[in-house]
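[1] sequence below, structure please.
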Amino acid sequence: MTVDPTSVDWTAARRASYRLRQAIRYEYAEPITDLHHRLVVIPPARFGDQRRTYHDVLIELEDVRVDHLEDRFGNVVVDVFADEVPDAIEFVAEVSVERSAAERNVLRGGWPPQDWWLEASGLTAADERIRGAAAELAAEAEWGLPLADRINDWVYGSMTYKHDVTGVRTTAAQALALGSGVCQDYAHVMLALCRAAGLPSRYVSGHMLGQGGTHAWVDVVLPAGDGPDAVAWAFDPTHASRVGLDYVTIAVGRDYADVAPTSGTYRSGGRGRLTTSKQVTLTDIG
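    You can find the predicted model right below:
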């Protein structure tokens, strides 16, 4: 069964179920050898209010070795090895997940925060403009959710969504100087500001219902109370909003480099041609 997402009152929804199918295909002009490919396309078994109920990765190539592991951030990583790829290799990830609005994303033992939630990464290092903006925003709003909301709105108002002006190596400072970019740039700018303002935060990669490609947003991690637990509050600076049930989380990290859906190395005299497709289907709502 599928549900038309445009018919849903998302403000009243309390639970949702999704089916995700994502295909990644590489074609080569000549055979390649010694392929080592890394896929981050499967969500953890449990992530806050999200529960994975099914998953599989299909690989269109014989004689491959596949390893599944968990990285330092708790992400599911699929490593694929092949001695030779004659002309093409395709990966198809199929996932089913359930989400419940009744649950918060509680991080047991998450407070005090981990160092990397506060440290600048390669793509989120603050320059003078970012440090100045962070100081001004911190003076305007109380530390915690009010400041996170203020930063979320500031990033949205300071950027224009535009394709083909940034790339996967564009830093937060570069994207802000351009004043434009895509969702990963919005997330990097918000992360740089949050960390400069003393708000622990992490990059989130996943999918938003109705969006064509992989989406990115930010978790701001704050104490759950007086104890050792923390809560991850999700913000989407691309849309100046909090993240709702119409999002599916795949992975978290310091920035995009930690959670790139597809990456790898091989030996060959030429480059491969990448094509991707994705379908996220709402299967139940309540």
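[2] okay, how far is it across stretch 121-134, tip to tip?
    Start and end residues of stretch 121-134 are separated by 16 Å (Cα to Cα, to the nearest Å).
[3] which of the residues in it are buried?
    Buried residues in stretch 121-134, defined by neighbour count with 16 or more other Cβ atoms under 10 Å: 121, 123-126, 130, 133-134. (C-beta placed from N, C-alpha, C; glycine too.)
[4] farthest-separated two in those residues?
    Pairwise distances across the buried residues of stretch 121-134 (Cβ to Cβ) peak at 18.2 Å, for the pair Ser121 and Ala133.
[5] where exactly do the helices run in this structure?
    Listed in chain order, the helices of the chain (DSSP state H) span residues 128-140, 145-158, 172-178, 183-196, 256-259.
[6] out of these, which gets nearest to Ser277?
    helix 183-196 (18.2 Å).
[7] if we can go back for a sec, can you add distance to Tyr54 and pLDDT and give the buried residues of stretch 121-134 back as a markdown table?
    Converted to a markdown table, those look like this (distance: Cβ to Cβ, whole Å; pLDDT from 0 to 100):
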| residue | distance to Tyr54 | pLDDT |
| --- | --- | --- |
| Ser121 | 32 | 97 |
| Leu123 | 32 | 98 |
| Thr124 | 34 | 98 |
| Ala125 | 39 | 98 |
| Ala126 | 41 | 98 |
| Ile130 | 41 | 98 |
| Ala133 | 43 | 98 |
| Ala134 | 42 | 98 |
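[8] looking at those residues, which is nearest Val92?
    For those, the nearest to Val92 is Leu123 (28.6 Å; Cβ to Cβ).
[9] residue contacts, Ser245?
    Just so we're on the same page, residue 245 is Leu rather than Ser. By Cβ atoms under 8 Å, 6 or more residues apart in numbering, Leu245 lies in contact with 10, 13, 15-16, 99, 101.
[10] show me those that map onto strands.
    15-16, 99 (DSSP state E).
[11] most neighbours out of those, which is it?
    Counting neighbours by other Cβ atoms under 10 Å, the top entry in the ones in strands among the contacts of Leu245 is Ala16, with 27 neighbours.
[12] quick check: that one vs Tyr247, distance?
    10 Å (Cβ to Cβ, to the nearest Å).
[13] and for Ser100?
    With Cβ to Cβ as the criterion, Ser100 and Tyr247 are 13 Å apart.
[14] these two - which one has more neighbours?
    Tyr247 (21 against 14).
[15] so the more buried one makes contact with Gln211?
    No: proximity of Tyr247 to Gln211 does not meet the contact threshold set by Cβ atoms under 8 Å, at 9.4 Å.
[16] can you list the weak-confidence ranges in the stretch 1-150 of the chain?
    Along the stretch 1-150 of the chain, no part satisfies pLDDT under 70.
[17] ok, back up a step: and the helices of the chain, which is most packed in?
    Highest mean neighbour count of the helices of the chain: helix 183-196, a mean of 28 (counted as mean count of other Cβ atoms under 10 Å).
[18] for it, packing partners?
    Applying 3 or more Cβ pairs under 8 Å, 6 or more residues apart in numbering; DSSP states H and E, we find helix 183-196 packed against helix 128-140, helix 145-158, helix 172-178, strand 201-208, strand 215-223, helix 256-259.
[19] for Glu90, give the beta-bridge partners.
    Arg25 (DSSP bridges).
[20] and for it, the neighbour number?
    Residues near Glu90, counting by other Cβ under 10 Å: 14.
[21] mind listing what it touches?
    23-26, 59-61.
[22] what's the neighbour count on the residue nearest to Arg19 when sequence neighbours are not counted?
    Once flanking residues are discounted, Arg19 sits nearest to Thr281: 4.7 Å by Cβ to Cβ, 6 or more residues apart in numbering. Thr281 has 15 neighbouring residues, counting by other Cβ under 10 Å.
[23] can you pull the contacts of Thr281?
    Thr281 neighbours (Cβ under 8 Å, 6+ apart): 2, 18-20.
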